[in-house]
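**Student:** how does the following fold in three dimensions:
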Amino acid sequence: MSGGPVGGLGDSPAGAGPALKPYLKRKKSSLGETKIAVLGAEGVGKSALSVRFITKRFIGEYDQTAESKYKYSTMVDGEQMAFEVLDTRSVNDDCGAREDVLRWADGYVLVYSVVFRKSFELLKEVQKRVEDYRKGAASVPIVILANKADLAHMRQVTREEGQLFAASLGCPFIELSASEDVSDVTEAFHSLCRDIVEYKRRSRTFFGRVLGALGREKVS
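**Tutor:** This next block holds a predicted model:
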């Protein structure tokens, strides 16, 4: 593993609006870079999942008063990939899906807890917010993670409900436990990375065709 976490980037003001935080300044990322925002209600395990991916270690307790952005470089399908992972803070049930976050990210990890039904219901609003901000762009890169699957005796959301929700969005779905399933956590982030790279390639091809057509019109 190269690179590492850069955490504790300051408190997120309650009710933060579209003002862009310095660490969320948007720079166009290349195919070898990917910016991922981890979204979800407070207490679903966003921090545990983010740190599990970056360090492979599980830590159960986190300071929920601040957002953290992590940088990490690893191989994905034989190619070096530079990740930036934003572990968001949920304020007033916004699940971290603020305008500055949605603008910054290339793709989104949507997390809910299988033992907290409200966290699942909130994700439906988050997904709409993502699509509205991205102006209904087809196949916005998203992966849905159902965390805390090890607490089966406390379950409030069935696996089938999660699968149906993901199927309605046409995105990957993984039910896992941040404390137990390090390989599943890694695969979730790698899967999203692949979708982001493909999304960028399709976008570049589309804009290339548009610019080419405009160029031909000018010549003629």
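
**Student:** could you give the mean pLDDT of stretch 85-98?
**Tutor:** Averaged across stretch 85-98, the pLDDT comes to 95.

**Student:** buried residues in it?
**Tutor:** Residues of stretch 85-98 classed as buried: 85, 86, 87, 88, 89, 90, 94, 95, 96, 97, 98 (neighbour count, 16 or more other Cβ atoms under 10 Å). Placement of C-beta: from N, CA and C, glycine included.

**Student:** for stretch 116-126, same thing?
**Tutor:** By 16+ other Cβ under 10 Å, the buried positions in stretch 116-126 come out as 116, 119, 120, 122, 123, 126.

**Student:** hey, which helix or strand in the chain has the poorest pLDDT?
**Tutor:** None of the helices or strands of the chain scores lower by mean pLDDT, DSSP states H and E than strand 2-6, at a mean of 46.

**Student:** next helix or strand past that strand?
**Tutor:** Using DSSP states H and E, the helix or strand that directly follows strand 2-6 along the chain is strand 33-40.

**Student:** pull up the pairing partners for that next one, direction included.
**Tutor:** strand 79-87 (parallel), strand 107-113 (parallel) (DSSP bridges).

**Student:** now render the buried residues of stretch 116-126 as a markdown table, adding distance to residue 146 and pLDDT.
**Tutor:** Shown next, in a markdown table, are those (distance: Cβ to Cβ, whole Å; pLDDT from 0 to 100):
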| residue | distance to residue 146 | pLDDT |
| --- | --- | --- |
| 116 | 11 | 97 |
| 119 | 10 | 98 |
| 120 | 8 | 98 |
| 122 | 13 | 97 |
| 123 | 10 | 95 |
| 126 | 14 | 94 |
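
**Student:** among those, which ones are in helices?
**Tutor:** The members of the buried residues of stretch 116-126 that map onto helices under DSSP state H are 119, 120, 122, 123, 126.
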